[in-house]
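Peer 1: Provide a 3D model corresponding to the input given below.
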Amino acid sequence: MGTVFISYSHGDADVADRICSVLDELKVTYFRDAKHIDWGKDIESEVRTALHNCAAIVVVVSRQSLTSPWVPYELGQGRALRKELLPFLTSSDLDLPLYLSRVSFVTSLDRVEEYFANFAFSTDASATARVLQTPIEKIADKHADVLLGTWTGNGHQQRGPDGHPIEFAIGLEITSADHVITGQLSISMTEQGRCYEQFFDVTGGFVGGRFGWLNYVAKKSDRPHFGTIILDLAKKQNELVAEYTGYGARTDGIVSGYARLIKDK
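Peer 2: Coordinates of the predicted model:
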């Protein structure tokens, strides 16, 4: 998904072409419906996903776009997601709606080039999850060595926008320092004949020796992939039950599920 979302009326395709050419020259990634929505894909779903994952929205404002059904929808979604709006006006005498009249705009490609040549958007998905990192030491357990080590097993996604379960292999390596869990998480699966693998950093804490929690954030991902896992050391000392809720990179929305893991000897 692109760093910049291009919102425009197809009647202004020539203006969008020129803006995209500037972004291409500056190597700024962007999402544009005509270029990035494949044949047969659900347009609204693809647009919503792109809006979730962009850092800013460049909107081509013209008489056509102000009456377009899609442009106001995209801007409404973008404002709800608190994305940065960057209006490009095709004419300075347009009668702008209130929410756009309060935002500074540009009317020349030189200004577009100047802006993006000097501004770097953060695309590190780990920034999304920093708010999850609370002072873990306050409630972390000092004695939970039984949870430390390497665990492997299988996970099962029960809930997600795609409406079907997903099975995946999971590996978890837990270490501890200063009462804080740290470690690595990996998942792998076969999807539509292709192998998908993702690696995560994990940070968390212990509660009562039997329970723990982990916040996981993808090491490298084009889209946000993060969440929280609750760990329960089951009746057997070498078996771990885990439940998770998060935002999945393979779909647009909240996902949840569980995993059963066995401790490696």
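
Peer 1: Next, count neighbours for G155.
Peer 2: 19 (other C-beta atoms under 10 Å). Quick note: C-beta positions are derived from backbone N, CA and C, even for glycine.

Peer 1: Report how many residues lie close to G153.
Peer 2: 17.

Peer 1: just checking, it touches Y258?
Peer 2: No. With contacts counted by C-beta atoms under 8 Å, G153 stays clear of Y258, the gap being 10.3 Å.

Peer 1: for the protein, what spans make up the helices?
Peer 2: 13-25, 33-36, 43-53, 63-66, 70-80, 98-101, 109-117 (DSSP state H).

Peer 1: comparing those helices, which gets the lowest mean pLDDT score?
Peer 2: Mean pLDDT per stretch puts helix 98-101 lowest among the helices of the chain, at a mean of 78.

Peer 1: out of the helices of the chain, nearest to T203?
Peer 2: Checking the helices of the chain against T203 by C-beta to C-beta gives helix 43-53 as the closest, at 23.1 Å.

Peer 1: Report all helices and strands that that closest one contacts.
Peer 2: When contacts are defined as 3 or more C-beta pairs under 8 Å, 6 or more residues apart in numbering; DSSP states H and E, helix 43-53 sits against helix 33-36, helix 70-80.

Peer 1: before we move on, the earlier item: now the helices of the chain as CSV including distance to G204 and mean neighbour count?
Peer 2: CSV is the format used below for the helices of the chain (distance: least, C-beta to C-beta, whole Å; neighbours: other C-beta atoms under 10 Å):
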stretch, distance to G204, mean neighbour count
helix 13-25, 39, 16
helix 33-36, 36, 14
helix 43-53, 25, 18
helix 63-66, 46, 17
helix 70-80, 31, 17
helix 98-101, 40, 12
helix 109-117, 38, 15
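
Peer 1: Save those helices as CSV, and put in distance to Q184 too.
Peer 2: As requested, the helices of the chain are arranged in CSV below (distance: least, C-beta to C-beta, whole Å):
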stretch, distance to Q184
helix 13-25, 35
helix 33-36, 32
helix 43-53, 24
helix 63-66, 46
helix 70-80, 35
helix 98-101, 44
helix 109-117, 35
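
Peer 1: Show the backbone phi and psi for the residue nearest the centre of the chain.
Peer 2: In the chain, the residue lying closest to the centroid (C-alpha atoms, centre = their mean) is P224, at 2.1 Å. Main-chain torsions, P224, degrees, to the nearest 10: phi -60, psi 140.

Peer 1: got it, and T107?
Peer 2: Here is the backbone geometry of T107 (degrees, to the nearest 10): phi -130, psi 0.

Peer 1: That one touches L94, doesn't it?
Peer 2: No. At 10.2 Å, T107 does not count as touching L94 under the criterion of C-beta under 8 Å.

Peer 1: and these two? which has more neighbours close in?
Peer 2: L94 (17 against 14).

Peer 1: And the strand with the most length in the chain, how far out from the chain middle?
Peer 2: Across the chain, the longest stretch assigned as strand under DSSP state E is strand 194-207. Counting by C-alpha atoms, centre = their mean, to the nearest Å, strand 194-207 is centred 15 Å from the centre of its parent chain.

Peer 1: hang on, the earlier thing: quick one: which of the helices and strands packed on helix 43-53 is nearest D232?
Peer 2: Comparing these by C-beta to C-beta, helix 70-80 comes nearest, at 36.0 Å.

Peer 1: Looking at this protein, which residue reaches furthest from the middle?
Peer 2: Outermost residue of the chain (C-alpha atoms, centre = their mean): D93, 37.5 Å.

Peer 1: Can you convert the helices and strands packed on helix 43-53 into CSV and add a column each for distance to S176?
Peer 2: As requested, the helices and strands packed on helix 43-53 are exported to CSV (distance: least, C-beta to C-beta, whole Å):
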stretch, distance to S176
helix 33-36, 43
helix 70-80, 40
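
Peer 1: No more questions from me, cheers.
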